[in-house]
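Participant: Generate a structure from the sequence data that follows.
(chains A, B, C and D, ligands or ions: 5)
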Amino acid sequence: GENLSAEAEAAKAIALEQMSGNVQWSGPETSPAPIPGKRIAVISCCQAAEGAARPARSMEEAGALMGWEVDVFDGAGDPVQQNQALNAAVDAGYDGIALIFVDTPVVSDGVARALDANIPLITLGSLHNTPAHIPDVSHDWIHQAKGIGAYMAWKSGGEVNALMLKNTDLYITENGQFKGAMDILTDPAFCPDCDMDVKDWSLANLDTQPAAIATAALKADPATNWVWCFDACMSRVVRTLIASGQGSTLMGAGYDCHGENLGLIRDGMIQAVCAADPRDWEAYALMDNINRMIHGQDVVDHGIPTRLFDASNVHELTEHEIDEGWQGDYDFRSKYKELWGVDG
Amino acid sequence: MVNSAAIETQESRAGGSPILSAKGLSKRFGSTRALHEVDIELTPGRVHALLGTNGCGKSTLVKVLAGVHTADAGHVEWHGSDPAIAFVHQDLGLIGPLSVAENLVMASADGYRMTKGRIDWKRGREDARRVMQDWGLDIDPDRAVETYGPAEQTMIAVARALSSLPEHGGVLVLDEPTARLPVTEADALVDTLAELKSHAVSILYISHRIDEVMRLADEITILRDGARVYHGITDMDRDELVRLVVGDTVAAVDKAPRRQKGRPVLQVENLWGMRLENVTLDVGQGEVLGIAGLVGSGRSELARTIYGHQPSLAGKVVLNGQDVSCASIRRRMKAGMGYVPQTRAQGLLLTMDIADNITIAKMRDLMRGPSISERLEEAAAKDIVKRMQIKIGGLHHAVATLSGGNQQKVALGKWMRRDLSLLVLDEPTQGIDVGARTEIFRTIRQLAETQNVGVLVLDSDLEILAEFCDRVVTMATGRIRDSFDGDDLTPAVLERAVYGH
Amino acid sequence: MATRRKTKMTFSTLTSRYSLLIGLGALILFFTAMRPDIFPTLANAGSIMSDNAVLTLVALGIMVPLIVGQFDLSPGFVASLAVMMTAGFLSEYQMHPLLVLVIILTVGAAIGATMGVLVGYLQLNSLIVSLGVGSVVAGLVLLYSGGQIIFKGIPKDFVAIGQTRLFDFVPMPFIYAIVICTIMWFVLTQRPAGRRLYAVGANPEAATLIGINVPRSILIAFVISSMMASLAGFIQVSRLGAGHPTSAQAFLLPAFAAAFLGATSFRPGFYNVWGTFVAVYLVGTGTTGLFMLGAESYVQPMFNGVVLVIAVVAARLGVIRRNRAEVAAARRRIPEPSGPSELQST
Amino acid sequence: MATRRKTKMTFSTLTSRYSLLIGLGALILFFTAMRPDIFPTLANAGSIMSDNAVLTLVALGIMVPLIVGQFDLSPGFVASLAVMMTAGFLSEYQMHPLLVLVIILTVGAAIGATMGVLVGYLQLNSLIVSLGVGSVVAGLVLLYSGGQIIFKGIPKDFVAIGQTRLFDFVPMPFIYAIVICTIMWFVLTQRPAGRRLYAVGANPEAATLIGINVPRSILIAFVISSMMASLAGFIQVSRLGAGHPTSAQAFLLPAFAAAFLGATSFRPGFYNVWGTFVAVYLVGTGTTGLFMLGAESYVQPMFNGVVLVIAVVAARLGVIRRNRAEVAAARRRIPEPSGPSELQST
Ligand SMILES: Nc1ncnc2c1ncn2[C@@H]1O[C@H](COP(=O)(O)OP(=O)(O)OP(=O)(O)O)[C@@H](O)[C@H]1O
Ligand SMILES: Nc1ncnc2c1ncn2[C@@H]1O[C@H](COP(=O)(O)OP(=O)(O)OP(=O)(O)O)[C@@H](O)[C@H]1O
Ligand SMILES: O[C@@H]1[C@@H](O)[C@H](O)OC[C@H]1O
Ligand SMILES: [Mg+2]
Ligand SMILES: [Mg+2]
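Facilitator: Ligands and ions are numbered 1, 2, ... in the order given. Next comes the predicted model:
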């Protein structure tokens, strides 16, 4: 029963496409057999963040299947410590190193040493930024972000008045999540009447700044109908807005689809949509690519899917997925076991 | 050193049974023996004086009694129940930022007065005002203690202790209460204490002022290096008592002939300050000029202003013909000034070691190449320690661990390393024992005579001033009143000039 | 000290004593003038009250060690532990909130007591002890939470504790803050126990000499600080309805800033309850107002910094002005040609 | 002060004076025993040296205000500003690194001078001033960078300044740190100027009375601290190859921890260069060692906390043990034990 403008219809099409759970395997069909006993160092940007801790756990899980020893290092959100961990991993002679949400340029000292030492190095969540020959396994961030932008345009009939809470610490949030959403929101073909108020914040102030900005900005401009930032930020914003009795007419758009945020969406608490990526799957894909690199082969694209969830399709997730995150609507675990010729 | 076996211990004259007896108290600080098997008893209605040179352990004994230090051995026994005991500690134990009234109530036996669960500030303030009036002190109970000068603070501490004693009985321990008091106030305090005897108060009294002790004490205990070397009644004469305390005879003061003042090193011209009014005076080369006056007469402000530690409002300070009125302390030092402030803590780097404190005022002569030579530094420090007879555990012990008197010697000693033309000393011998006091003044005179240093001494002890100074001026309410020299300069004359009797 | 009432107050003493309050007033007027439509509303006042209540508790807490002359750098970590324990116990074991409160206050007290013993009795440096203990507590938070947010199973009526507004206006957390401020003010200024804390901070040796148990005072101060941090964590969960493992760590610097700022007002030179309270709300109001004006995020830290510096400078200028007045008064005594005194030479 | 050589040292004095060094040794032995294959390698030693060199500079910097009795809470922000300016100027304007260095040192000096004037000459509380100024600087960083990381266009040979290892072993940043430590040690202990700084910290009033310009000393201390923070930021960029706007803020607490820890060793009771240096590397070695043992992430903060507390406790127990030994020796000299002291306090 919606009466949508042509632009909004166009946006809707993009969004709907990303909301369906129609996933096909488009990854590799073969993989070299893992050589048992390899040691892999996983350096996580910050184990205190669920979005990084979750794939770290899955890498341990996959490593166990492959007969590998996987050690997780916590970079504690600090590039200095991340670099220190990277150096330690190089010095300890690991057979492969994985970085989770650690931007390679920010730890270029350790990266250079790893490359010098010919240790396979791969990232999750660093886009394909410099240096180009460090592969990243994660999904297509821009594509996914366009879905979010389109969803926003669609749901407000092409009249988005958004507070964009842009985190500035990570390359992918800026050049993936933010860029993709803005691509749609600033495109007159989808969003002719859209108005975005962009506010920066940094992870150091995750617990204070986004919420403070949001409460004030919302009062200053009651016409604001969207607030945008990734899930960890969104949940803090939502909870603070609710605590201060605000936000009844507001919608929230986030990334990651953590359990907490899916709960907010289901309960109609401000957040309306989130964009999920199967981070466990990405972890398996990363281990698969490291396996290839150890064998001296090229990495391959694993065709990681993404999906948008809102109140209309959140019920399609299992209880387990609400706790542990979306699993990609595909039994990737069996697929990788098959590829690696292992079982467990 | 006197052979301690030669010192007899007399039994005290019977005077009622003791209320408190300490037996075999021993206390060490690192390698320093502060107390060694000391026995002492306090008896109601009697004043027990505790004497001894600087660092012999007097304050340590007081702190053991107060429970601040735990003795390594020995014990303290109370006879009778629930004694009220009040202290005037050597460093007073006042809380500077808090008001006089609060300092009083906080430490009083019954503490804060409460009304309906709250502190009754009004009553506390009134009580404090009354106490101040009782002791004839012009002190505002609302003001922070730290805004008062040392003499007033001492009186606050004394008033606090006295007011917390019961009508009858109780124990009062005073650790050099008169060191910072001018003679009139000191006399008044001694009178008060004498009166307390009739209220059956047991008093432990520490002082370096032998005359006070002679007047007040019923029995005395003398410590040397932490050990008791004498205990008995005060039936000896002054010189004998001094000999017992110092362990040696103090040579009769060499009545050096008063000297004519030479070319002036310091000229103060029409100086005005917060309290100073049109002060004009000068100090000649090699002259020791004393300033006498009541508390609050502005002596210390004059000293501070001359040294540049407090700005003047108008007028001139001229040193060796050079106008230094607007110069920094550093420049005045370079021009030849030295200064020892009246508050000891202001003159010392308490947490730093003794050698540092002695050498900090002049390091140029300690350099070996680009760095300070440890050997030269230690030699320099050792030299001063020897010259000033400072009792130390080691050159690298913190100054804070020295006894009060020895700290004072360090504060003064550092100036001996500089080329001085004027030395300003504000109460230089407060808390210094009789033997050392003479030594210090001898050193000062020597400095004046052999090196032509002009010395400006502010001291509340008029006898000392009369003895050692070439000339003494008196101050009252910020003004210079009289000047005495030659044969006019006697303690009696000074007393009349200062106190008007 | 508390004996100030009688001192005659000049206008300049008054303004310097209440500079923070004046600053807060000025800020409110300014933002009201700028955004008369949205700033001076009950709803906005309510959210400012609510948003800063938890910080108020942490700031009051650290103030107590500051009063006895010690630093407590741990409250952010202790509050985080309380956040995670509160959320965890409520959701996992369905404990009664009161029981949870008792448990986390006990844990807080134990942490505070640990620091208090190390600082008070062993006489260790409080900065290093509280940093060390805080670091261990941070580890405990990670251990307990694994970095995960706890959001499920937090009962509705528990959240009501933090989100209800009295008369649709005054948020409960603000009321808790006010109540605790009042109690602390009472104890610190009207009870001997509080006065002794100030004595310990001003001069521990002298305090010892007048029979105050300095180590115990320090112990108590740390216990209070940690318990306040725990309480703050508890209320934080009820406000937000979830437990974020790092949410309370951000309180550290603002809490110190508030306590320092507070010491410039009301009772200048002493850490005091109402100064701290107003300081928290001064900065909080500024933050909200600035963002309402659409300020970029870099403006907020700059504003905070400038407020801090202005407040201390203003307090200092008050003192300088008073001294000047005294000097001027003294000058008036000097007879006419007070200039270069060449009148007389010896 | 500098003169400790001659004092006779007992075994227990030695162990307590060098407890940090002993701790570092013990840690190295422990990790070597646990991971003999990977821990005790030249490469790993090099990495540890390199990874902690920047922190060393910040810690040495804040030590100077600590010596004059003041706190500088700003160096994390100042270092961040230096990081962003260095990265920005190199990449945007292709400036020569030396020019960049001169500029950021000048900016650092200006920031330090601002704090120094406020603290030294206006006699404002250093905690609040440095927090305030630091906060303003944090705003500047955001303003300049928009929070963005700068990593493009940082020249290779600039990065070499931070990443080269001499003889494939000793990293350049470590060499800078050692050189600066040595200079600072020399000035602080061997030159009158250093003595005077300690004197200011011990008693500013007494320092004034012996002709030391206390305000200027404080000014200088803040200037040094800020310049060291700037230098640290500069080297940080060359080490990491990018400018991260908040990466240097994490230095604040570890830098203080190192300075405090350092003051328990070498010259116990005084902030000192080599103590600080060893403290940084003690904690840094622990971090890497724990990584190599594959410890869970919660272990890291706990380890740091425990090290801090143990270090101060050990230093303290050293003192207490010394006193005990002396008391015991004294007792033995006392002819007859006079029983337990049943002292009574008032
Ligand atoms: N806290 C301490 N630490 C180390 N040594 C101390 C300490 N307190 C006192 N001493 C030492 O104990 C000895 C006795 O000191 P005490 O203060 O009792 O002397 P005193 O008789 O009161 O001297 P004065 O007349 O100068 O006040 C001195 O050598 C002093 O250096
Ligand atoms: N450097 C200073 N500058 C200004 N005022 C000071 C300074 N030092 C102390 N005062 C003030 O001077 C007063 C005490 O004066 P002072 O020290 O001269 O007292 P005093 O020694 O008892 O007096 P006098 O020396 O005249 O007998 C106090 O009010 C104190 O606050
Ligand atoms: O979505 C991302 C989140 O998962 C990660 O933890 O932090 C950065 C975000 O961009
Ligand atoms: Mg004494
Ligand atoms: Mg005086």
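Participant: Check the burial of the closest residue to A:A153 other than its chain neighbours by counting its neighbours.
Facilitator: Leaving aside its chain neighbours, A:A153 sits nearest to A:A11 (3.8 Å; criterion: C-beta to C-beta, 6 or more residues apart in numbering or on different chains). Bear in mind the C-beta positions are built from the backbone N, C-alpha and C, glycine included. A count of nearby residues for A:A11, using other C-beta atoms under 10 Å in any protein chain shown, gives 31.
Participant: I'd say A:A11 and A:W154 touch.
Facilitator: Yes. Shown here, A:A11 and A:W154 form a contact pair, counting by C-beta atoms under 8 Å, at 4.4 Å.
Participant: Which helix or strand contains the residue in the stretch 201-346 of chain C positioned nearest to ligand 5?
Facilitator: Ranking the residues of the stretch 201-346 of chain C by distance to ligand 5 (C-beta to the ion) places C:A330 first, at 18.4 Å. Using DSSP states H and E, the element containing C:A330 is helix C:299-331.
Participant: Give me the packing partners of that helix, helices and strands only.
Facilitator: Here helix C:299-331 touches helix C:11-17, helix C:19-34, helix C:252-262, helix C:273-292, helix D:126-145, going by 3 or more C-beta pairs under 8 Å, 6 or more residues apart in numbering or on different chains; DSSP states H and E.
Participant: Can you tell me the SS state at B:V268?
Facilitator: With DSSP: H, G, I helix; E, B strand; the rest coil as the basis, the three-state label of B:V268 is strand.
Participant: how many neighbours does the residue lying closest to it once chain neighbours are set aside have?
Facilitator: Across the structure, with C-beta to C-beta, 6+ apart as the measure, the residue nearest B:V268 apart from its sequence neighbours is B:L281 (5.1 Å). Using other C-beta under 10 Å, B:L281 has 21 neighbouring residues.
Participant: picking that back up, quick one, which of the helices and strands packed on helix C:299-331 is nearest to chain B?
Facilitator: When the helices and strands packed on helix C:299-331 are compared by C-beta to the nearest C-beta, helix C:11-17 sits nearest chain B, at 13.8 Å.
Participant: Correct me if wrong: C:M49 contacts C:F174.
Facilitator: Yes. In this structure C:M49 lies within contact range of C:F174 using C-beta under 8 Å: 3.9 Å.
Participant: what's the neighbour count on the residue of the stretch 101-250 of chain A found nearest ligand 2?
Facilitator: Of the residues in the stretch 101-250 of chain A, the one nearest ligand 2 is A:T208, at a distance of 44.1 Å by C-beta to the nearest ligand atom. Burial measure for A:T208: 20 neighbouring residues, criterion other C-beta under 10 Å.
Participant: what residue ranges in the stretch 101-250 of chain C score low on pLDDT?
Facilitator: Across the stretch 101-250 of chain C, not a single residue meets the criterion (pLDDT under 70).
Participant: where exactly do the helices run in it?
Facilitator: Under the criterion DSSP state H, counting those that start in this stretch, the stretch 101-250 of chain C carries helices at the ranges C:126-145, C:156-163, C:172-190, C:192-202, C:204-209, C:214-240.
Participant: In CSV: those helices, plus distance to B:G393 and mean neighbour count.
Facilitator: Below are the helices of the stretch 101-250 of chain C laid out as CSV (distance: least, C-beta to C-beta, whole Å; neighbours: other C-beta atoms under 10 Å in any protein chain shown):
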stretch, distance to B:G393, mean neighbour count
helix C:126-145, 28, 25
helix C:156-163, 60, 16
helix C:172-190, 41, 18
helix C:192-202, 29, 22
helix C:204-209, 20, 21
helix C:214-240, 26, 26
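Participant: Now render the ones you listed as JSON lines, adding distance to D:G25.
Facilitator: As requested, those are arranged in JSON lines below (distance: least, C-beta to C-beta, whole Å):
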{"stretch": "helix C:126-145", "distance to D:G25": "21"}
{"stretch": "helix C:156-163", "distance to D:G25": "51"}
{"stretch": "helix C:172-190", "distance to D:G25": "47"}
{"stretch": "helix C:192-202", "distance to D:G25": "39"}
{"stretch": "helix C:204-209", "distance to D:G25": "36"}
{"stretch": "helix C:214-240", "distance to D:G25": "33"}
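Participant: Figure out which of those helices is closest to D:F39.
Facilitator: The closest approach between D:F39 and any of the helices of the stretch 101-250 of chain C, judged by C-beta to C-beta, belongs to helix C:126-145 at 22.1 Å.
Participant: now for the particular helix or strand that has B:V472 in it, which elements pack on it?
Facilitator: Take DSSP H and E as the rule and B:V472 turns out to sit in strand B:471-476. Under the contact criterion of 3+ C-beta pairs under 8 Å, 6+ apart, the helices and strands touching strand B:471-476 comprise strand B:288-293, strand B:479-485, helix B:491-499.
Participant: Most tightly packed of those?
Facilitator: Compared across those, strand B:288-293 shows the largest average neighbour count, a mean of 26 (mean count of other C-beta atoms under 10 Å in any protein chain shown).
Participant: Which strands border the strand holding B:V472, and is each parallel or antiparallel?
Facilitator: Strand B:471-476 has the following sheet partners, assigned by DSSP bridges: strand B:288-293 (parallel), strand B:479-485 (antiparallel).
Participant: what sits up against the first one?
Facilitator: Under the criterion C-beta atoms under 8 Å, 6 or more residues apart in numbering or on different chains, residues B:281, B:283, B:299, B:302, B:444-445, B:448, B:454-460, B:462, B:465, B:468-476, B:494, B:497-498 lie in contact with strand B:288-293.
Participant: show me the residues around residue 111 that make contact.
Facilitator: No chain in the question, so chain A it is. Contacts for A:V111 were tallied using C-beta under 8 Å, 6+ apart; they are A:L86, A:T104, A:L121, A:P131, A:I134.
Participant: meant chain C actually
Facilitator: C:I111 makes contacts with C:S74, C:V78, C:L81, C:V133, C:V137, C:S226, as judged by C-beta under 8 Å, 6+ apart.
Participant: at 7 Å instead, please
Facilitator: C:V78, C:V133, C:V137, C:S226 (C-beta atoms under 7 Å, 6 or more residues apart in numbering or on different chains).
Participant: ditto for A:R266
Facilitator: A:A311, A:V314.
Participant: The one 10 residues further on too?
Facilitator: By C-beta under 7 Å, 6+ apart, A:A276 lies in contact with A:D256, A:C257, A:T306, A:R307, A:F309, A:W326.
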